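Chemist: Dropping a prediction and its sequence here:
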Amino acid sequence: MPELVFFSGTMDCGKSTLALQIGHNRSARGLQGVIFTRDDRAGEGKLSSRLGLVTDAVEAVEDMDLYAHVVELITRGGRVDYVIVDEAQFLLPGQIDQLARIVDDLELDVHAFGITTDFRTKLFPGSQRLIELADRVEALQVEALCWCGARATHNARTVGGVMVVEGAQVVVGDVDRPAGEVGYEVLCRRHHRRRTTAATAKAGTLSPDVLPVTSS
């Protein structure tokens with residue numbers, strides 16, 4: 001039976017690499033699919049991984065009906081055997097409903113990839129809707145690591161290496177941005193709570209407005 005599957009994890013856990021691998025495996029078997037993405041680090045209409053792999057994709061802008069897009073391709077004589085969606089956390093909840101309709105009405109597998117929570121540990125609306133609707137939610141097995149060596153479970157936004165907890169939910173960036181720019185870092189829960197990034201740990205400083213953790 002066709003499924004809507006949500007592959008989730010932190011940044012730097014290989015989700016885009018897996019999306020590319022799934023697409024490659026299916027195309028090698030003669031299958032044809034549609035790849036959607038949103039706000040990829042490589043630019044509009046691209047699906048890229050940090051390993052340097054990249055492929056063309058359809059940019060899922062806010063006013064796009066993903067179901068109608070796939071139907072139009074099929075109506076024009078195109079072949080669609082599966083759908084891949086990367087950066088699915090950036091989609092609108094209504095677009096997630098459209099993905100579910102692709103599975104139910106067109107009987108196509110949809111593989112959605114994304115991070116679950118933002119830099120404030122709040123659910124992205126798209127990810128929340130995926131959790132509500134997906135046939136399966138799969139946690140990616142490649143574990144990203146915090147600077148301390150523990151398993152990274154949270155995404156932190158940084159400016160100049162200092163963690164920030166305010167601002168727009170979506171600001172496109174990456175874990176490899178130069179110091180001084182808006183970037184992201186994966187942290188374990190303990191160091192996310194303490195707002196201790198690799199840079200502030202090395203400098204022996206705390207982020208602004210953070211009190212030291214003391215035992216009671």
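Modeler: In hand now; what should we look at?
Chemist: Tell me where this protein has strands.
Modeler: Assigned by DSSP state E, the strands in the chain fall at 4-8, 33-37, 46-48, 54-56, 58-59, 82-85, 109-114, 136-139, 154-159, 162-164, 182-187.
Chemist: how about JSON lines for those, with mean neighbour count and distance to Leu130 added?
Modeler: Heads up, the C-betas are built off the backbone N, CA and C, glycines and all. Output for these, formatted as JSON lines (neighbours: other C-beta atoms under 10 Å; distance: least, C-beta to C-beta, whole Å):
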{"stretch": "strand 4-8", "mean neighbour count": "23", "distance to Leu130": "4"}
{"stretch": "strand 33-37", "mean neighbour count": "23", "distance to Leu130": "13"}
{"stretch": "strand 46-48", "mean neighbour count": "20", "distance to Leu130": "18"}
{"stretch": "strand 54-56", "mean neighbour count": "14", "distance to Leu130": "22"}
{"stretch": "strand 58-59", "mean neighbour count": "16", "distance to Leu130": "18"}
{"stretch": "strand 82-85", "mean neighbour count": "25", "distance to Leu130": "9"}
{"stretch": "strand 109-114", "mean neighbour count": "25", "distance to Leu130": "6"}
{"stretch": "strand 136-139", "mean neighbour count": "12", "distance to Leu130": "7"}
{"stretch": "strand 154-159", "mean neighbour count": "22", "distance to Leu130": "17"}
{"stretch": "strand 162-164", "mean neighbour count": "20", "distance to Leu130": "26"}
{"stretch": "strand 182-187", "mean neighbour count": "22", "distance to Leu130": "20"}
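Chemist: okay, and the helix or strand of this protein with the least pLDDT?
Modeler: Here the helix or strand of the chain ranked lowest by mean pLDDT, DSSP states H and E is strand 46-48, holding a mean of 77.
Chemist: any low-confidence regions in this structure?
Modeler: Per-residue confidence for the chain (pLDDT under 70) gives these ranges: 41-43, 50-51, 141, 172-180, 205-216.
Chemist: repeat that for 50
Modeler: For the chain, residues meeting the criterion pLDDT under 50 lie at 208-216.
Chemist: tell me the domain boundaries of it?
Modeler: Using automatic domain parsing, the domain ranges for the chain come out as 4-139, 154-203.
Chemist: Okay, Gly160 and Thr116: tell me how far apart.
Modeler: 26 Å (C-beta to C-beta, to the nearest Å).
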